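Peer 1: Return atomic coordinates for the entry below.
(one chain, ligands or ions: 1)
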Amino acid sequence: MNEALVPRLPRLRLVHGPTPLLHLDALDEIVGTQVWVKRDDATSGAESGNKIRKLEFLLGDALKRGARAVITCGGLQSNHARATALTCAQLGLRSILLLRVADPERARAEPLALEGNVLLDRLAGAEIRFVSPAEYRQRAGLFEQACAECESEGVPAYIVPEGGSNGLGSLGYVEAMREVRGQMDLGLAGDGMFDVVAHACGSGGTAAGVGLGAAHFGVARETWAFAPTHVRGCRRRPISHAHRRASCSAAADRAISPPSAMACWPPPISPARSLLSRTRRRTSPRRFGLAASPTAWT
Ligand SMILES: Cc1ncc(COP(=O)(O)O)c(C=O)c1O
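Peer 2: Numbering: from 1, shown residues only. Take a look at the predicted model:
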């Protein structure tokens, strides 16, 4: 049950795992149910957070394909871009970041305020390219263009999608659920299955992997995805796309269970408060797993 689902896929070991699974009585009291926190803010050093679980598979694939440059994208203070830039620097890979800003002309003309993730991007030696929100929506073309530029310099390039969220990246969270299962089997997570695993959701890969992994490894009956920033809530399309692709990648090795019942929320109030009010109001899960990762490095 607790064997790796994807033993034959190339994978780097970037996560300092298993990350701790914490239970705090004081938190139970506030929430009114039993809460366990999976400390995925502690996956590593400066590159820490949920993204490096996906990068284990994505950069493993990049290296297998002989890439020497990695191109990815995100907002100006993207956690994913920071994790990619730092990990690429460790692996001796060039990184190119397409970062979304309101006014790219101005961003290019003025000295960049070096703070938070973008400071770490720079320290890692990443090449930063500013793109407007409109260009970002059409980023497939920009990815291709950056790729062609690298190839013309004799540098094979690999594209990592927004948030590392495709089928391959999502396998990082299938494996994270295997890690939780291992902790459960060792008696480090209380008694029995969790009722719910709740986690943040942006580009959708974490939701896809947690949904598949929680069902496959018998971690939780339901998974709940909370949008930390998007006013319109979690975007279901990328999640279901990543679900399908992740099932296919894993199925190349062995069968994978369908995702557990999954629910998504827009953030009517802060994700933490909406989580608490929902917990109190209706579903009252008895045992709650919460995947935590840092919200920003500022
Ligand atoms: C702190 C944090 N954790 C988890 C996630 C979910 O990651 P994704 O849906 O991009 O896989 C996000 C995304 O915005 C986030 O900011």
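Peer 1: all strands of the stretch 151-298 of the chain, in order?
Peer 2: For the stretch 151-298 of the chain, the strands defined by DSSP state E, counting those that start in this stretch occupy 157-159, 194-200, 220-226, 261-265, 287-292.
Peer 1: so which of these comes closest to the ligand?
Peer 2: Closest approach to the ligand among the strands of the stretch 151-298 of the chain is made by strand 194-200 (3.5 Å; Cβ to the nearest ligand atom). The C-beta positions use only the backbone N, C-alpha and C, and glycine is treated the same way.
Peer 1: mind saving the C-alpha coords of the closest one as PDB?
Peer 2: What follows is strand 194-200, C-alpha atoms only, in PDB (Å, rounded to 0.1, in the frame of the first residue of the first chain):
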ATOM      1  CA  PHE A 194      -8.300  11.800   8.500                       C
ATOM      2  CA  ASP A 195     -11.800  13.000   7.600                       C
ATOM      3  CA  VAL A 196     -10.400  15.900   5.600                       C
ATOM      4  CA  VAL A 197      -7.100  17.100   4.200                       C
ATOM      5  CA  ALA A 198      -7.300  20.900   3.600                       C
ATOM      6  CA  HIS A 199      -4.700  22.800   1.700                       C
ATOM      7  CA  ALA A 200      -4.000  26.000  -0.300                       C
END
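Peer 1: Now do that strand: which elements does it pack against?
Peer 2: helix 205-216, strand 220-226, strand 287-292 (3 or more Cβ pairs under 8 Å, 6 or more residues apart in numbering; DSSP states H and E).
Peer 1: Least confident of the ones you listed, on average?
Peer 2: Lowest mean pLDDT within the helices and strands packed on strand 194-200: strand 287-292, at a mean of 66.
Peer 1: Which stretch among the helices and strands packed on strand 194-200 is buried most, on average?
Peer 2: Highest mean neighbour count of the helices and strands packed on strand 194-200: helix 205-216, a mean of 30 (counted as mean count of other Cβ atoms under 10 Å).
Peer 1: Give me the helices and strands touching that one, please.
Peer 2: Using 3+ Cβ pairs under 8 Å, 6+ apart: helix 205-216 touches helix 51-64, helix 167-185, strand 194-200, strand 220-226, helix 236-251, strand 261-265.
Peer 1: Which one of the ones you listed lies nearest to residue 45?
Peer 2: Closest to residue 45 of these is helix 51-64 (Cβ to Cβ; 10.0 Å).
Peer 1: Quick check: buried residues in the closest one?
Peer 2: 51-63 (16 or more other Cβ atoms under 10 Å).
Peer 1: In TSV: the helices and strands packed on strand 194-200, plus distance to residue 185.
Peer 2: Listed next are the helices and strands packed on strand 194-200 as TSV, based on distance: least, Cβ to Cβ, whole Å:
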stretch	distance to residue 185
helix 205-216	14
strand 220-226	15
strand 287-292	15
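Peer 1: what about the ones you listed, which gets the closest to residue 39?
Peer 2: That would be strand 287-292 among these, by Cβ to Cβ, at 5.8 Å.
Peer 1: measure the residue of the chain found nearest the ligand to residue 226 for me?
Peer 2: Across the chain, no residue is closer to the ligand than residue 202, which sits at 2.4 Å (Cβ to the nearest ligand atom). Distance from residue 202 to residue 226, counting by Cβ to Cβ, to the nearest Å: 10 Å.
Peer 1: Can you pull the residues that touch both of those two?
Peer 2: Common contacts of residue 202 and residue 226 (Cβ atoms under 8 Å, 6 or more residues apart in numbering): none found.
Peer 1: The residue of the chain closest to the ligand: how many residues sit nearby?
Peer 2: Neighbour count for residue 202, taken as other Cβ atoms under 10 Å: 25.
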